[in-house]
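> Give me a model of this one.
(one chain, ligands or ions: 1)
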Amino acid sequence: MAGSDTSAVTLEWAMSNLLNHPCILQKVRDELDSQVGQQQLLEESNLTKLSYLRNVIFETLRLYPAAPLLIPHYSSSDCTISGFDVPRNTMVIVNAWAIQRDPKFWEDPEIFKPERFESNNISETEGYKFMPFGVGRRACPGIGLAERVVALTLGSLIQCFEWENISKEKVDMSEGKGLTMPKAVPLTMPYYGCPLLLIH
Ligand code: HEM
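I've put the predicted structure just below:
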């Protein structure tokens, strides 16, 4: 799975979600102001304090996973999955997109609500309902890098520029086709530089 394409589409989905939810965008900006301030640029060492930014990225990956069907796996032995007998050497495709929007597991599954991740330690309590990086031995080995790159880039874009949807329409969130899930309509939006940029 390409590391750059997955991170790039996740950024585009995250930015689109924020433009459609100005209050959430403002909350991210407030967190950046209080935890990093306007006198210095966001750095990797700041990320541990930016939990709301992290939740925005998790919520983006829940609704718009970059690899919606993960990567095809083969069963190494006969097994049973949800009551279905799966013989050895069968190709198994996991629909993470559907699981991450399943109303059996998620309250208001179609709503973009980063707060849902506030009290949870995903790895311990979320089990197999949230798996944008896959799970187990063949899960994405780039997860640590991906989380840092997406958070640093998204956080820097919000810290350094003013973003606003000037169109009367919401940003189109239709999904395109591809191994990594692109937006059907690419995001284009004007932005304004912040005073922080003039300092550096
Ligand atoms: C937001 C960013 C990313 C997402 C959402 C993502 C997601 C995934 C997913 C879902 C898989 C398949 C897991 C499975 O089938 O169980 C995967 C595999 C993989 N990813 Fe990522 N990935 C991201 C970034 C990266 C980065 C930055 C790198 C490396 C620098 C990377 C390297 C890999 C590799 C090498 C595999 C194959 C692992 C294997 O088959 O054993 N990924 N990724």
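
> and the spatially closest residue to Ser76 that is not a sequence neighbour, backbone torsions?
Spatial nearest neighbour of Ser76, chain neighbours left out: Arg88 (6.9 Å); criterion: C-beta to C-beta, 6 or more residues apart in numbering. Every C-beta, even on glycine, is put in place using the N, C-alpha and C of the backbone. Here is the backbone geometry of Arg88 (degrees, to the nearest 10): phi -50, psi 150.

> Please apply the same query to the one 4 residues further on.
The phi/psi pair for Val92 (degrees, to the nearest 10) reads phi -120, psi 120.

> If it is in a bridge, with which residues?
Assessed by DSSP bridges, Val92 has beta-bridge partners His73.

> so after the least confident helix or strand in the chain by mean pLDDT, what's the next helix or strand?
Ranking every helix and strand in the chain by mean pLDDT, DSSP states H and E puts helix 122-125 at the bottom, with a mean of 50. Later in the chain than helix 122-125, the nearest helix or strand by DSSP states H and E is helix 143-160.

> ok, which stretches of the chain are strands?
73-74, 79-81, 84-86, 91-92, 161-163, 191-193 (DSSP state E).

> rank those by pLDDT, which is bottom?
With a mean of 76, strand 191-193 has the lowest mean pLDDT of the strands of the chain.
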